[in-house]
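J.: Sequence first, predicted coordinates after that:
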Amino acid sequence: MKKAIIAGLLVYAVMLMPKVAFAGGTECEFKASPWVEKTSYGDKMTGKLEFGLKNLLGGWTAIFSTPTNFQNEGKNVYLGTVKGLVKSVIYTVGGALHTLTFPIPIDVPLPNGGVSFE
C-alpha cells in the first residue's frame, strides 16, 4: 500500500512540474519533437532515439543555461535557478521516455523542443 501511494505521488509530482516551472507567463511552450517531421518509420525511429539520448544525457545542462539566460535578460536569477532545476528533470525524464519508447513513433513534447546546445 505504501509503495502505491508513493508511486502515485511521484507521478502526480512529475505531472505538476511543468505547470510549476513555467507558471507566470514565461516564454516556454511545449513543441513537437523534430523527429516527427521525418517520413519513413526507420527515420522516425532513429530520430526519436537520437532526440531521447540528447535530452537524457544533456538535460542536466539546463541547470546552468537557464539561470544564465535569466541573468542576460535582466530577470531574477534565483527564479531562473529553480526553473533550470525543474527543466533539467523534465528534459531528463522526457529523454528517458523517448529513448525507452523509440520503436513507437508517438511524441512526448518537451518544453521549448528539448535541450538546445546553441
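T.: Great, that's in hand. Numbering: from 1, shown residues only.
J.: my guess is residue 33 contacts residue 106, does it?
T.: No. Under the criterion of CB atoms under 8 Å, residue 33 makes no contact with residue 106, lying 10.2 Å away. C-beta coordinates here come from the backbone N, C-alpha and C atoms, glycine included.
J.: which residue is nearest the centroid of the protein?
T.: Centroid-nearest residue in the chain: residue 91, 2.6 Å away (criterion: CA atoms, centre = their mean).
J.: For that one, which non-adjacent residue is closest in space?
T.: Distance criterion CB to CB, 6 or more residues apart in numbering; nearest residue to residue 91, sequence neighbours excluded, is residue 59 at 3.3 Å.
J.: what about the helix ranked longest in the chain, distance to the chain center?
T.: Across the chain, the longest stretch assigned as helix under DSSP state H is helix 77-100. Relative to its chain's centre, helix 77-100 lies at 5 Å (CA atoms, centre = their mean, to the nearest Å).
J.: tell me which strands and helices that helix is in contact with?
T.: Applying 3 or more CB pairs under 8 Å, 6 or more residues apart in numbering; DSSP states H and E, we find helix 77-100 packed against helix 2-21, helix 41-58, helix 62-72, strand 110-111.
J.: Go through that helix and flag the buried ones.
T.: For helix 77-100, burial by neighbour count (16 or more other CB atoms under 10 Å) applies to 80, 83-95, 97-99.
J.: Go ahead and confirm residue 112 touches residue 31.
T.: Yes. Using CB under 8 Å, residue 112 is in contact with residue 31, at 6.5 Å.
J.: More neighbours: which of these two?
T.: The residue with more neighbours, out of residue 112 and residue 31, is residue 112; 17 against 14, by other CB atoms under 10 Å.
J.: what about the more buried one, distance to residue 104?
T.: 23 Å (CB to CB, to the nearest Å).
J.: and if you look at residue 97?
T.: As for residue 97, its distance to residue 104 is 10 Å (criterion: CB to CB).
J.: For this protein, which residues score under the pLDDT cut-off?
T.: Across the chain, the ranges flagged by pLDDT under 70 are 2-28, 118.
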